[in-house]
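1. 3D, please:
(one chain, ligands or ions: 1)
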Amino acid sequence: MAKKQFKAESKKLMELMIHSIYTNKDIFLRELISNASDAIDKLHYESLTNDSLKLKKKDFEIFILRDVEKRTLTIKDNGIGMTKEELETNLGTIAKSGSLLFKTEKEPKKDIDIIGQFGVGFYSAFMVADKIEVNSKAYGNENAYTWVSEGVDGYTIEETKKEHFGTDIILYLKEDTDDIKYSDYLEEYKLRELVKKYSDYITHPIKMEVTHTTLKEGSETEYDKTTEIEIINDMVPLWKRNKSKIKEEEYNTFYSDKFFDYEQPLKTIHTSAEGLVSFNSLLFIPSHAPYDFYTKEYEKGLQLYSNGVLIMEKCKELVPDYFSFIKGVVDSPDLSLNISREILQQDKNLKVIAKNIESKINKELNTLKQENREDYEKFWSSFGTQIKYGIYNQYGMNKEKLQDLLLFATSKEKKLKTLEEYLEGMKENQEAIYYACGESLDKIDLLPQVELVKEKGFEILYCTEYIDEFALSVLQNYKEKKFVNVSKEELNLDTEEEKENLKKENEENKNMFLCMKESLTDIESIKFTNRLKNHPVCLSSTGALSIEMEKVMNAMPNDQKVNAKKVLEINANHKIASKLKELYKNDKEELKIYAKILYAEARLIEGLSIENPTEIVSLICDKLS
Ligand code: ADP
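-> Prediction:
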């Protein structure tokens, strides 16, 4: 019978397994048991939602069989089984979790760890076996098939006889070496120990034939041996166990096993609630964003169980979008199993659970912020953007809930601050919370508008993400202090006298500004300002749309371009101001050329492009030569 070839990535993963120098080969058992349990969950779920299947939870089981003579270890389940096609696609190609491994495997140092912590799946069995046979009969099918492989050079699939639906995975263990005794995996004590360590919480019984040795009655040297079939796992899922008796390591293993993350979670939240709706939940805040987190492909959601039976892999109704990074499990006896998934989404109890979970996560994040700032900042760097979207979305409906989670870099210290901390550092009589937007902290720091505000002793929030300004404009204020963009025209920092003088000055030069404006097309107005210290000019905006917003919106891939209402502000105390006045008197044409150059300068400082660079360059050249 011709051998079929594995897909290239599968072959690579398999080689990694076969030649693995990884010492913890034990995890293969956890992987196979977890697959068996998933297969049972699938069939169990079918039976609960389809009355014609007469299957009972108590009939499901996973069996571990040892054959010392043949050196085989078999993991047997009566789950959903696989058709011929499924054997081909599931075992001939690398599974999802495996391909994820390859993404991270490119970082060479990490791969050894990954094998231990990751769901590497079925192929991990090649760490301990040199031949694997999979006999499977899909539920409801007549035919059964056997899949056999002795490693990288391929596999065969043939029809076989199998009475019961489900899957048997038969491992032909490798020969023992000086270093590794593979035959340990045929020892009762060893298998017991491994099940206890890794698979205790599996909710289906894991059975094994065990031998009990007792002294023969009346004898002190002779023993009686009896064998019986025993359930060797606890069957209580981790989330239903008593918190105080769970070690951190158990949580971490559970997390990496279930959610395929090679890094430990930043925080584990284990709760149980009793009341109108009872539920247990085990939630995790990951310590980094998954590679697809900020893409459309990422799906949020928690695993939903009803009394230990998995009913949904990703129930998205359980977490709001702004907490979409949360991974975890929710188990409630108060959800009806037989209702369809569409109806479940309307379920009142589910809504109660979701609300409860949301406030729990929020509370935990606030506690983390207070008690472990380093970890919180780590969280913030991965998921802060998501929180800001949460503030902005739905017309700011959730802003109050989320505002205290915000962190910003500021003009004062090189550390992140909460809004609360900003308020604490405010000057006496300071009326507003100032912020400035730009591409990077350094660039913002150099903005002309920022200079004077800083010099007057006000702290400025530095916003480098495009969502920042949208979020702040939705927030409007924090504890009655208004957010004010330092680049907005109505920044109000002058004394009454200064204001008065400036007003007069602008009034007197009104016609000069009109003359300058003639040469500029997309500007709202021109005026003198006190807000600049050393720089000659800057751009500000009036109205709701700021210049930063204009940049963001125009960068989006659609044809709708927007235009902020721009004001060209000229430093009233700069020598350019008197030069302009002089030109207005003596040479209006030259004044218009100055206007063009100054406007181009202001745009460049703002990070905007100039429409007519060749014209501007030749105007400047004229002045230089
Ligand atoms: P993963 O479990 O992460 O998807 P695996 O390589 O462990 O990756 O398994 C690949 C696929 O093979 C599974 O997703 C499942 O569809 C199928 N499979 C594995 N073991 C069994 C089993 N005992 N019963 C039914 N299907 C199984």
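
2. Just give me the neighbour total for the residue of the chain found nearest the ligand.
-> Among all residues of the chain, G121 sits closest to the ligand, at 2.6 Å; criterion: C-beta to the nearest ligand atom. Yep, even glycine has a C-beta here, placed from its N, CA and C like the rest. A count of nearby residues for G121, using other C-beta atoms under 10 Å, gives 23.

3. That one and V617, how far apart?
-> Distance, G121 to V617, using C-beta to C-beta, to the nearest Å: 61 Å.

4. Can you check what pLDDT the model gives the residue of the chain positioned farthest from its centre?
-> When distances are taken from the C-alpha mean of the chain, G218 lies farthest, 65.8 Å away, according to C-alpha atoms, centre = their mean. At G218, the pLDDT value in this model is 84.

5. separation between it and D224?
-> Remark: distance between G218 and D224 (C-beta to C-beta) = 11 Å.

6. ditto for K551
-> 84 Å.

7. and what of S183?
-> 25 Å.

8. Surely N252 is in a helix?
-> Yes. Judged by DSSP: H, G, I helix; E, B strand; the rest coil, N252 forms part of a helix.

9. picking up where we left off before, so which of S183 and D224 has more stuff around it?
-> Legend: neighbour count by other C-beta under 10 Å for S183 and D224, higher for S183 (15 against 11).

10. Let me know the helix or strand that L604 is in.
-> Using DSSP states H and E, L604 maps to helix 588-606.

11. Return the list of helices and strands in contact with that helix.
-> In terms of contacts (3 or more C-beta pairs under 8 Å, 6 or more residues apart in numbering; DSSP states H and E), helix 588-606 is packed against helix 510-517, strand 537-542, strand 565-571, helix 575-586, helix 613-624.

12. at 10 Å instead, please
-> Helices and strands touching helix 588-606, by 3 or more C-beta pairs under 10 Å, 6 or more residues apart in numbering; DSSP states H and E, are helix 448-455, helix 510-517, strand 525-529, strand 537-542, helix 547-555, strand 565-571, helix 575-586, helix 613-624.

13. In the chain, where is pLDDT below threshold?
-> Flagging of the chain using pLDDT under 70 yields the residue ranges 20-23, 93-120, 336-346.

14. Go again with 50.
-> The model of the chain has pLDDT under 50 over residues 95-119.

15. can I see the domain layout of it?
-> 8-231, 238-376, 406-485, 505-624 (automatic domain parsing).

16. Can you report how many residues lie near K499?
-> For K499, the count of nearby residues is 13 (other C-beta under 10 Å).

17. Keeping just the C-alphas, turn stretch 368-381 into CSV.
-> Extracted in CSV, the C-alpha atoms of stretch 368-381 (Å, rounded to 0.1, in the frame of the first residue of the first chain):
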residue,chain,number,x,y,z
LEU,A,368,-3.3,45.6,39.3
LYS,A,369,-2.7,49.2,38.5
GLN,A,370,-2.5,50.1,42.2
GLU,A,371,-0.5,47.2,43.4
ASN,A,372,1.7,46.1,40.6
ARG,A,373,2.4,49.0,38.3
GLU,A,374,5.0,47.2,36.3
ASP,A,375,2.7,44.4,35.3
TYR,A,376,-0.1,47.0,34.7
GLU,A,377,2.2,48.8,32.3
LYS,A,378,2.9,45.6,30.5
PHE,A,379,-0.8,45.0,30.2
TRP,A,380,-1.2,48.6,29.0
SER,A,381,1.4,48.3,26.3
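
18. hmm, the helix or strand encompassing L13 in reach of the ligand?
-> Counting by DSSP H and E, the element that carries L13 is helix 8-18. No. Judged by C-beta under 6 Å from any ligand atom, helix 8-18 stays clear of the ligand, getting no closer than 9.0 Å.

19. what angle do the helix or strand following that helix and helix 8-18 make?
-> For helix 8-18, the following helix or strand on the C-terminal side (DSSP H and E) is helix 27-49. Angle of helix 27-49 versus helix 8-18, following axes from the mean of the first three to the mean of the last three C-alpha atoms, to 10 degrees, is 130 degrees.

20. and helix 27-49, which residues are buried?
-> Neighbour counts over helix 27-49 (16 or more other C-beta atoms under 10 Å) mark 27-37, 39-41, 43-45, 47-48 as buried.

21. and whichever helix or strand comes after that helix, C-alpha only, in CSV?
-> Using DSSP H and E, the helix or strand that follows helix 27-49 towards the C-terminus is strand 62-67. C-alpha atoms of strand 62-67 as CSV (Å, rounded to 0.1, in the frame of the first residue of the first chain):
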residue,chain,number,x,y,z
ILE,A,62,-11.3,7.4,28.2
PHE,A,63,-9.4,4.2,28.6
ILE,A,64,-5.7,3.7,29.0
LEU,A,65,-4.5,0.2,28.1
ARG,A,66,-1.0,-1.2,28.7
ASP,A,67,0.5,-4.1,26.9
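
22. give the contact list for the residue nearest to Y198 when sequence neighbours are not counted.
-> In space, and not counting its chain neighbours, Y198 is closest to R30: 3.7 Å by C-beta to C-beta, 6 or more residues apart in numbering. Each residue near R30 by C-beta atoms under 10 Å, 6 or more residues apart in numbering is listed here: G119, S124, L194, V195, K197, Y198, S199, I202, T253, D257.

23. What is the burial count for the nearest residue to H574 once chain neighbours are set aside?
-> Spatial nearest neighbour of H574, chain neighbours left out: P536 (4.8 Å); criterion: C-beta to C-beta, 6+ apart. P536 is flanked by 19 other residues according to other C-beta under 10 Å.
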